[in-house]
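The sequence isn't on hand, but the structure is:
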């Protein structure tokens, strides 16, 4: 029995509220159980130096946790003067994941910055950031299309991310903190809307795991990613109708 009481193939309750920010070109709040992340997308009419005069766009991401997003207070990284290795690794993952769905030539020579701020953390913050970041990205690109700033849609499809793991000898979907802290294997799957993989992070915390166990985790990830894509599309439908 999972601490949460969920079935092994059951996501935490997920909700995505789009268009929360008055100023950002795209924004949403994604809630996965007790984990809550605010995501925003900003468009800049400039690109990093390695993209200049190429006609190609770029996407990058930043990630951070509020001091009391966890059970004990975290120090602000800005006050410490540098980001932790964990923060840098997560924001690079978010950027790589969302770039996978972009046609940079169609985007044109502009940059989109995805900001992911963790309001409350109970496991799976990087996955929630990717899934919510895609919704913010989709809104921002819709606005480019509506304004005629791009002639064709640069987004190739949805991107969703979900965690899976081996807990108490069983493969489970969408680990919360209590499960993640005790899991023998911890994995994060980034999945495109057509089911293809963008990235897999999978680590044995205690011993080893087999290919069969990895396949079972991926099967759970496919279930979870499909449900997240449905939630993403529903949030965008609600935004477009409002």
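Looks like it came in fine. Remember, it's a predicted structure, so these values are computed and weren't measured experimentally.

And for the lowest-mean-pLDDT helix or strand in the chain, what's in contact with it?
One helix or strand of the chain scores below all others by mean pLDDT, DSSP states H and E: helix 77-80, with a mean of 76. With contact meaning Cβ atoms under 8 Å, 6 or more residues apart in numbering, helix 77-80 is reached by 64, 83-84, 87. To be clear about C-beta, it is placed using only N, CA and C from the backbone, and glycine gets the same treatment.

Mind listing what's buried along the helix or strand that comes right after it?
Using DSSP states H and E, the helix or strand that follows helix 77-80 in sequence is helix 85-99. Along helix 85-99, these residues count as buried under the neighbour rule (16 or more other Cβ atoms under 10 Å): 90-91, 93-99.

Which one of those is nearest to residue 53?
residue 99 (19.8 Å; Cβ to Cβ).

Test my guess that the closest one contacts residue 57.
No - counting by Cβ atoms under 8 Å, residue 99 stays clear of residue 57, with 9.6 Å between them.

For this structure, identify the residue most remote from the centre.
residue 53 (29.9 Å; Cα atoms, centre = their mean).

Identify the residue spatially nearest to that residue, adjacent ones excluded.
Leaving aside its sequence neighbours, residue 53 sits nearest to residue 109 (Cβ to Cβ, 6 or more residues apart in numbering; 7.9 Å).

Specify the local secondary structure of the one you found.
coil (DSSP: H, G, I helix; E, B strand; the rest coil).

That one touches residue 56, doesn't it?
Yes - judged on Cβ under 8 Å, residue 109 makes contact with residue 56 at a distance of 6.7 Å.

which residues do the two both contact?
residue 47.

which residues of the protein fall in strands?
14-18, 26-32, 35-44, 58-65, 111-120, 159-167, 170-173, 185-192, 197-204 (DSSP state E).

among those, which is the most enclosed?
Per-stretch averages of neighbours, counted by mean count of other Cβ atoms under 10 Å, single out strand 159-167 among the strands of the chain, with a mean of 27.

partner strands of that strand, parallel or antiparallel?
strand 170-173 (antiparallel), strand 185-192 (antiparallel) (DSSP bridges).

Residue 201 is nearest to which of those strands?
With Cβ to Cβ as the yardstick, what comes closest out of these is strand 185-192 (4.4 Å).

do you know which of the strands paired with strand 159-167 lies nearest residue 153?
Among the strands paired with strand 159-167, if distance is taken as Cβ to Cβ, the winner is strand 185-192, at 15.4 Å.

now stretch 47-57: how far from the chain's centre is it?
Distance of stretch 47-57 from the chain centroid (Cα atoms, centre = their mean, to the nearest Å) equals 25 Å.

what is the mean pLDDT for that stretch?
In this model, stretch 47-57 has a mean pLDDT of 96.

The chain should start at 734 in everything you say after this.
Happy to do that; since the first residue is 734 now, the last one works out to stretch 780-790.

Next, the distance between the ends of that stretch.
Distance across stretch 780-790, first residue to last, is 7 Å (Cα to Cα, to the nearest Å).

Packing partners of the biggest helix by length in the chain?
Longest helix of the chain, by residue count under DSSP state H: helix 944-974. When contacts are defined as 3 or more Cβ pairs under 8 Å, 6 or more residues apart in numbering; DSSP states H and E, helix 944-974 packs onto strand 747-751, helix 858-880, strand 892-900, strand 903-906, strand 918-925, strand 930-937.
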